[in-house]
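> Make a model of this:
(one chain, ligands or ions: 2)
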Amino acid sequence: MLQNHHIRRGSRCEAPDLPKVGPCGYSPESIVSCYGGGDNVFIDGIVVVVVEVEMFVEGFELQANMRILITGGAGFIGSHLVDRLMQNEKNEVIVVDNYFTGSKDNLKQWIGHPRFELIRHDVTEPLFLEVDQIYHLACPASPIFYKHNPVKTIKTNVMGTLNMLGLAKRVGARILLTSTSEVYGDPLEHPQTESYWGNVNPIGVRSCYDEGKRVAETLMFDYHRQHGIEIRIARIFNTYGPRMNIDDGRVVSNFIAQAIREEPLTVQLPGTQTRSFCYVSDMVDGLVQLMDGEHTGPINIGNPGEFTMLELAETVKEIINPKVKILTVENTPDDPRQRKPDISKAKELLGWEPKIKLRDGVPFMEEDFRQRLCVPKKA
Ligand SMILES: NC(=O)c1ccc[n+]([C@@H]2O[C@H](COP(=O)([O-])OP(=O)(O)OC[C@H]3O[C@@H](n4cnc5c(N)ncnc54)[C@H](O)[C@@H]3O)[C@@H](O)[C@H]2O)c1
Ligand SMILES: O=c1ccn([C@@H]2O[C@H](COP(=O)(O)OP(=O)(O)O[C@H]3OC[C@@H](O)[C@H](O)[C@H]3O)[C@@H](O)[C@H]2O)c(=O)[nH]1
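Numbers count the residues shown, from 1 in each chain. Ligands and ions are numbered 1, 2, ... in the order given. Modelled structure (predicted):
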C-alpha cells in the first residue's frame, strides 16, 4: 500500500507504528521517496530530515499535524473558532491578539495546553511564524469600537492584512479573511449575493471598516493572482452568541444585557431597518468548511432569517423579560437599511447552512450574560 502524505513546512508528524530500526530510530526503507526541499519534521519526537514537502511512506499512515494561526483569536468569533480547532488533536493553534476588544478570559481553558500558544501582538506589525493555515480575524467588529479610532481600524484592515498575506506567502500557508456583509454598504439589492458590488460611502464614519474590509479583499485577490497564495474570503453577516462583550454596543448584546438589567431596549430609529443574525457555532462551522474546501470565495456566511430591529426587540423582550420597555433612540449616520445574505453559494459549494434559529440562540446567550452579570433567572 502506497500512501501519499503532504507534509507542510514546520509540520510535526506522528507515525507511532513505524518500525524502530535504523539510525534515527525508524526504518529508512519506510520512507520510499523524498525529494526537493530541506525541511525537518518530527516523527514521534525524533527529527527526520524531509527533503521535500511531499513524502511517500509505504504501509504507514503519517498523520501530519496542522499548525493554525488565528489572528483576533481572543475575540468573540475567534475564541469559538479556537475551541473548535482545538477539539482536533492533530491541530496546534496559535492565537495572536492585541486585546483591543478581545480578552485572555475567552481563552482561559486553553492557556497552558501543549497544543496552544497565545501571543500578544498587533497585526499592523510584521509577524514571523511557521504555520500551515491562517484565519485572519483581527479587527474590531462592533461599530462603536471600530469608529473609536478609525485610522487604527484602517491600518488593521490594510497593514494587518498585508502582513498576514506576507506571512502566508513566505511559509506557503492558506489564508482565510473574515470579511463582512458591510462591504455591501447600504445595499440596493436584496438579499445580497456575492456578485453584488455594494453601495458604500467612501468618506463616511463607517468607511474605516467597510472600505477597510474591501481593500483587505482586494489585497487577498491580488496576492492570489500575483503570488499564487491560497486564499479564502468569508463575508460574515451579523453573528451573535456567548462571549460577546457585554458592553460591545452591537444590537443583540445590547438588548440581552438591557433585558437582564431591566433597562429599556434601545431601538435606534427608524426601527424598521433589518439584519439577519447567525449563531456563532453555525458561523464557526461555515468558516472551517470554507477554509478546508476548494473555493476561494467570497462566500456569504450568515443566517438568512431577517428581522427588523423592532422585531428583534420584541423577541428578546418575550424570551427574557416581558416587563421591559422598548425605547426608540437616535441612530448613527450611514446605518444600512436592510441586510440579508443569499447563501446559495455556501449551500452549493460548501454544503453549509445554519441550523440555529434566533429564538433558539438567544437563550444560550442569555445564560452566558446572566452568569457574567451575576443576575440569575427568576424562578
Ligand atoms: N461578529 C460579527 O457579527 C461579524 C460580522 C462580520 C464580520 N466580522 C468579522 O469577524 C472578525 C471577528 O469579529 P468578532 O465579532 O469576533 O469581533 P471581536 O471584536 O470580538 O474580535 C476581534 C479581535 O481582534 C483583535 N484585534 C483588533 N485589532 C487588532 C490588531 N490590530 N492586532 C491584533 N488583534 C487585533 C481584538 O482584540 C479582538 O480579540 C472581525 O474581522 C470582524 O470584522 C464579524
Ligand atoms: O442598541 C442598539 C444597537 C444597534 N441598533 C441597531 O441595530 C442594527 C445592527 O447594529 P449593530 O451595531 O449590531 O451591527 P451592524 O449591523 O450595524 O454592524 C455590524 O455588521 C456586521 C459586522 O461587520 C460587524 O459586527 C458590525 O459592523 C443597526 O441598525 C443599529 O442601528 C439598535 O437598534 N439598538
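> only C-alpha atoms for contact and neighbour calcs from this point on.
Noted.
> residues from the stretch 151-300 of the chain in reach of ligand 1?
Thr156, Thr178, Ser179, Thr180, Ile236, Phe237, Asn238, Thr239 (CA under 6 Å from any ligand atom).
> Show me the one in these that has more neighbours than the rest.
Ser179 (28 neighbours; other CA atoms under 10 Å).
> Look up which helix or strand it falls in, please.
Assigned by DSSP states H and E, Ser179 falls within strand 174-180.
> can you check Tyr146 too?
Assigned by DSSP H and E, Tyr146 falls in helix 143-148.
> I'd like to check what contacts the helix or strand following that helix. Which residues are they?
Downstream of helix 143-148, the next assigned helix or strand under DSSP H and E is helix 150-171. Defining contact as CA atoms under 8 Å, 6 or more residues apart in numbering, one finds that helix 150-171 is touched by 9, 123-134, 136, 138-140, 146-147, 173-175, 208-209, 212-213, 215-216, 219-220, 223, 227, 229.
> sorry, back to before: and the helix holding Tyr146, is it in reach of ligand 2?
Yes: interface with ligand 2: helix 143-148 contributes Pro143 (CA under 6 Å from any ligand atom).
> Against which helices or strands is that helix packed?
Other elements packing on helix 143-148 under the criterion 3 or more CA pairs under 8 Å, 6 or more residues apart in numbering; DSSP states H and E are helix 207-227.
> what comes up buried for the helix it packs on?
In terms of neighbour count (16 or more other CA atoms under 10 Å), helix 207-227 has its buried residues at 207-217, 219-221, 223-224.
> Can you list the strands that the very next helix or strand once past that helix pairs with?
Next helix or strand after helix 207-227 toward the C-terminus (DSSP H and E): strand 231-236. Partners of strand 231-236 in the sheet, by DSSP bridges, are strand 174-180 (parallel), strand 299-301 (parallel).
> Show the average pLDDT along the very next helix or strand once past the last one.
When you say that, I think you mean strand 299-301. The element immediately downstream of strand 299-301 (helix or strand, assigned by DSSP H and E) is strand 306-308. Computed over strand 306-308, the mean pLDDT rounds to 98.
> so Pro363 touches Lys317, yeah?
No: contact between Pro363 and Lys317 fails when scored by CA atoms under 8 Å: they sit 11.6 Å apart.
> Just want to know which of the two has more residues nearby.
Lys317 (22 against 17).
> What residues of the host helix or strand of that one count as buried?
Secondary structure from DSSP H and E places Lys317 in helix 309-320. Residues of helix 309-320 classed as buried: Met309, Leu310, Leu312, Ala313, Glu314, Thr315, Val316, Lys317, Ile320 (neighbour count, 16+ other CA under 10 Å).
> Check stretch 345-354 too.
Those buried within stretch 345-354 under the rule 16+ other CA under 10 Å are Lys345, Ala346, Lys347, Leu350, Trp352, Glu353, Pro354.
> so who does the closest residue to ligand 2 within the stretch 101-250 of the chain touch?
Per CA to the nearest ligand atom, Arg250 is where the stretch 101-250 of the chain lies closest to ligand 2, at 3.4 Å. Arg250 makes contacts with Ser142, Pro143, as judged by CA under 8 Å, 6+ apart.
> Leaving out sequence neighbours, find the closest residue to Gly305.
Ser276 (5.4 Å; CA to CA, 6 or more residues apart in numbering).
> how about the strands in the stretch 1-150 of the chain?
Under the criterion DSSP state E, counting those that start in this stretch, the stretch 1-150 of the chain contains strands at 2-6, 12-14, 31-34, 39-43, 46-50, 54-58, 63-64, 66-71, 91-97, 116-120, 133-136.
> With respect to burial, which of the strands paired with strand 231-236 scores highest?
Of the strands paired with strand 231-236, the one with the most neighbours on average (mean count of other CA atoms under 10 Å) is strand 299-301, at a mean of 29.
> Need the mean per-residue confidence for it.
Per-residue scores along strand 299-301 average to 98.
> what sits up against that strand?
Contacts for strand 299-301 (CA under 8 Å, 6+ apart): 181, 193-194, 233-237, 283, 286-287, 341-343, 345-346.
> please redo it, this time with the cut-off set to 10 Å
178-181, 192-195, 232-239, 278, 282-287, 290, 340-347, 349-350, 352-354 (CA atoms under 10 Å, 6 or more residues apart in numbering).
> Spell out whether that strand and ligand 2 are in contact.
No: using CA under 6 Å from any ligand atom, strand 299-301 never reaches ligand 2; the gap is at least 11.3 Å.
> Equivalent analysis for stretch 315-329, please.
No: Stretch 315-329 lies apart from ligand 2 when judged by CA under 6 Å from any ligand atom; the minimum separation is 7.9 Å.
> quick thing: my sequence starts at 11, can you match it?
With the count now opening at 11, the last piece we talked about shows up as stretch 325-339.
> Between the two ends of that stretch, how far is it?
Start-to-end span of stretch 325-339 (CA to CA, to the nearest Å) is 18 Å.
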